[in-house]
Structures are given as structure tokens and as C-alpha cells.
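Undergrad: got a predicted model here, sequence first, then my questions.
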Amino acid sequence: LAVYTNTNGYVTGHSKSLPTESDTLPIVLDAANNPAKLIVGFTNVSAPASGSFDISYVIKKNKDEFSLSSTAINWVLVQDATHVSILGHANLTTFVNGAQFNTQNVAVRFDIVLGSGSDPDHIDIKIFDPGVDPNTGSPTYTISNDIIANGSNLMIHP
């Protein structure tokens, strides 16, 4: 049982980040000179839980990609104007060497910290296989990166 303070906060906007070698992605990391960017979008994700999120990562050279499209927001915890945690469910689609794979009902947890001053915003994403409890289980994929300032615009409203 997890109990969260139900505030009227929300998160909205989009961000770009460069995955690093410590990340584990549903496809192979792009290690080219101009690596692909991970794109994350939030549309009025709010408490009580509503809204949607999406993630995409496309490697154009070998045409591999993965995307997440939300199917549900389970909870949103807005701690203050700079911290938010979101748990939702999504469908995961991957293309590897032209072959498409779909996984329905993965759990996705986001922990977002907006930077203060000159510090960059930071996003942690954990993706859990279907049936794995994100409160007690281990994520299959993890992403933890600073958000690229150019072209990113995340807002948290407590």
C-alpha cells in the first residue's frame, strides 16, 4: 500500500536528452558521432491522475527505434515546484532490423527534478515488464539523464 498526498499539481511539456552508456534501453544505444536524442513528452499529467505521456528514440542510421505511448496514469506526486514523480502504464513498440515488437502494459515511473540556477533539469525513467510491481520489482530498462536545454520545456505546477 502506497499513500500519496493528492495535490492539484501537474507536469507538462517536453524534453530531449542524450542517453549515456549507463542507460539500458529497449534497443541498442546509438553511439555514433551524432547520437540520437531521447524525446519525452507530457500532456497535462495531473493529480488526480490524468493526462498522457510518450517517449521516442529513433536511430536513423540503422532504423532501429522504440516508443512508449501511455495508456494510464496511476499516480502523480508533485512534491514542490521542482520535484515530481509519475507512475503510469504504456504500450512499448520497438523496431529492430525492421522487425516490429509490441509489449502491452509496461509500467513506467518518471522522477523529474527541475534544475535551479544554471543546473540542468534531470529525468529518471524506469520501465518495468508487464506484471512486475514497480514498488517492489526491478526495472527492465533504466534511463537517467540531464535534459538538453535547447528545445526542452518542462513545467511543474505544485
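TA: On my side now, so go ahead.

Undergrad: chain center to stretch 118-136, what's the gap?
TA: 7 Å (CA atoms, centre = their mean, to the nearest Å).

Undergrad: quick one, strands of this structure?
TA: Along the chain, the segments classed as strands by DSSP state E run 10-17, 38-46, 50-59, 64-78, 83-96, 99-113, 122-128, 141-146, 153-157.

Undergrad: quick one: low-confidence parts of this protein?
TA: Applying pLDDT under 70 to the chain flags the ranges 1-7.

Undergrad: repeat the analysis, applying 90 as the threshold.
TA: The chain contains residues with pLDDT under 90 at 1-9, 31-34, 47-49, 60-63, 78-81, 98, 116-118, 150-151, 157-158.

Undergrad: quick check, central residue of it?
TA: Residue closest to the average C-alpha location in the chain (CA atoms, centre = their mean): Ile125, at 4.6 Å.

Undergrad: for that residue, give me its contacts.
TA: By CB atoms under 8 Å, 6 or more residues apart in numbering, the residues touching Ile125 are 40, 55, 108-110, 141-144. All C-beta atoms are positioned from the backbone trio N, CA, C, and that covers glycine.

Undergrad: quick one: which of these is nearest Thr71?
TA: Thr71 has its nearest neighbour among the contacts of Ile125 in Val108, at 10.0 Å by CB to CB.

Undergrad: hmm, Lys126 is touching Pro134, no?
TA: Yes - the criterion here is CB atoms under 8 Å, and Lys126 meets it with Pro134 at 7.0 Å.

Undergrad: what do those two both touch?
TA: Here Lys126 and Pro134 have Arg109 as joint contacts, going by CB under 8 Å, 6+ apart.

Undergrad: quick one on the thing from earlier: any chance of a markdown table for the strands of the chain, columns distance to Pro26?
TA: Converted to a markdown table, the strands of the chain look like this (distance: least, CB to CB, whole Å):
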| stretch | distance to Pro26 |
| --- | --- |
| strand 10-17 | 16 |
| strand 38-46 | 11 |
| strand 50-59 | 8 |
| strand 64-78 | 4 |
| strand 83-96 | 5 |
| strand 99-113 | 8 |
| strand 122-128 | 7 |
| strand 141-146 | 6 |
| strand 153-157 | 22 |
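
Undergrad: name the nearest residue to Thr71, ignoring sequence neighbours.
TA: Leaving aside its sequence neighbours, Thr71 sits nearest to His89 (CB to CB, 6 or more residues apart in numbering; 5.1 Å).
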